[in-house]
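>>> pasted the sequence and its predicted model underneath.
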Amino acid sequence: MYWLLLVPIGLVLLYLGLAILTDGRYFGKGLVYRLYDTFGPEIFDITSESDRWRRLGATLNLRGDERILDVGTAIGDLPISLAARPGFRGQAVGVDWAARMVAAAAERARRHHVADRVRFQVADVRDGLPFDAGEFDVVFCLGLLETLPHAEEVLADLRRVLKPGGVLVVSLYRGWAALTAALSYAWYEEHLSALGFRDLRTAPCRRGQDVIIARL
Ligand SMILES: C[S@@+](CC[C@H](N)C(=O)[O-])C[C@H]1O[C@@H](n2cnc3c(N)ncnc32)[C@H](O)[C@@H]1O
């Protein structure tokens, strides 16, 4: 009869697996938050992708004086890498809902001697971004929108904090990675156009992940 226990155990494992694979998009957001807050800093600190972020900065033709926002920044690898570029004299801000991630990002910025140019704060994008309209020249949101049930509302908020002429960079998953990350190019095209973005283009970013670059 003990084998009957396998059924509830299997269901719990299935629940955990699906919640983690979909990053809490449909259920298990609280669990996913705890995982990010507990293990995130150590997991994200294993590698830095600074070369990738510098290449992306070059693709965007950044002048170096921009105000940059990275939403869902984890340990801040992207804004820190951009702010560490020679000649950078702008300001970068990273937000994440996980307080331990934000603390690790601030510590990392100090280690890389860019704490005067990069700051981090805790914010849950579902509650609205804690910034005024038109504060930023460039807004990044990678690996996050596709995990949110009301992604179009967050997309509108990302647009709100951009200056006229500003640039939004969001992730677009391809191949196997796209199976659990549900936002298609057509979805972005429809919603970005409705929000007044133009000149949409894609650029390679990671294995299985491109970025969409859109200008207001
Ligand atoms: C898949 S990671 C992507 C990290 C980074 N942007 C990258 O591309 O490497 C998603 C990040 O978004 C954060 N996050 C998830 N839900 C969030 C929310 N509602 N508000 C703010 N940050 C959130 C997580 O803590 C995590 O750091």
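Structure's in. What do you need?
>>> just checking, next helix/strand downstream of the helix or strand of the chain with the lowest mean pLDDT?
None of the helices or strands of the chain scores lower by mean pLDDT, DSSP states H and E than helix 6-21, at a mean of 79. Note on helix 6-21: by DSSP states H and E, the next helix or strand toward the C-terminus is helix 29-44.
>>> any part of that following helix near the ligand?
Yes. Using CB under 6 Å from any ligand atom, helix 29-44 comes into contact with the ligand via 36, 40. For every residue, glycine as well, the C-beta is placed using N, CA and C.
>>> packing partners of that helix?
Applying 3 or more CB pairs under 8 Å, 6 or more residues apart in numbering; DSSP states H and E, we find helix 29-44 packed against helix 6-21, helix 99-111.
>>> in the least confident helix or strand of the chain, what's buried?
Neighbour-count burial for helix 6-21 flags residue 19 (criterion: 16 or more other CB atoms under 10 Å).
>>> then stretch 199-210?
Buried, per 16+ other CB under 10 Å, within stretch 199-210: 205, 209-210.
>>> re earlier: determine if any part of the least confident helix or strand of the chain is in contact with the ligand.
No. With CB under 6 Å from any ligand atom as the criterion, the ligand is not reached by helix 6-21; the gap is at least 11.1 Å.
>>> please save the CA atoms from that helix in CSV.
Extracted C-alpha coordinates of helix 6-21, given in CSV (Å, rounded to 0.1, in the frame of the first residue of the first chain):
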residue,chain,number,x,y,z
LEU,A,6,3.9,7.9,-4.6
VAL,A,7,0.8,9.7,-6.0
PRO,A,8,0.8,12.7,-3.7
ILE,A,9,4.6,12.9,-3.8
GLY,A,10,4.5,12.8,-7.6
LEU,A,11,1.9,15.5,-7.7
VAL,A,12,3.9,17.8,-5.4
LEU,A,13,7.0,17.2,-7.6
LEU,A,14,5.0,18.0,-10.7
TYR,A,15,3.7,21.2,-9.1
LEU,A,16,7.2,22.3,-8.1
GLY,A,17,8.6,21.4,-11.5
LEU,A,18,6.0,23.3,-13.4
ALA,A,19,6.1,26.3,-11.1
ILE,A,20,9.9,26.6,-11.5
LEU,A,21,10.0,25.9,-15.2
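>>> who are the packing partners of it?
Using 3+ CB pairs under 8 Å, 6+ apart, helix 6-21 is in contact with helix 29-44.
>>> list the buried ones in the helix it packs on?
Using 16+ other CB under 10 Å as the test for burial, helix 29-44 gives 29, 32, 35-37, 40-41, 44.
>>> now these in CSV, with pLDDT?
Below are the buried residues of helix 29-44 laid out as CSV (pLDDT from 0 to 100):
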residue, pLDDT
29, 77
32, 78
35, 83
36, 81
37, 78
40, 79
41, 84
44, 84
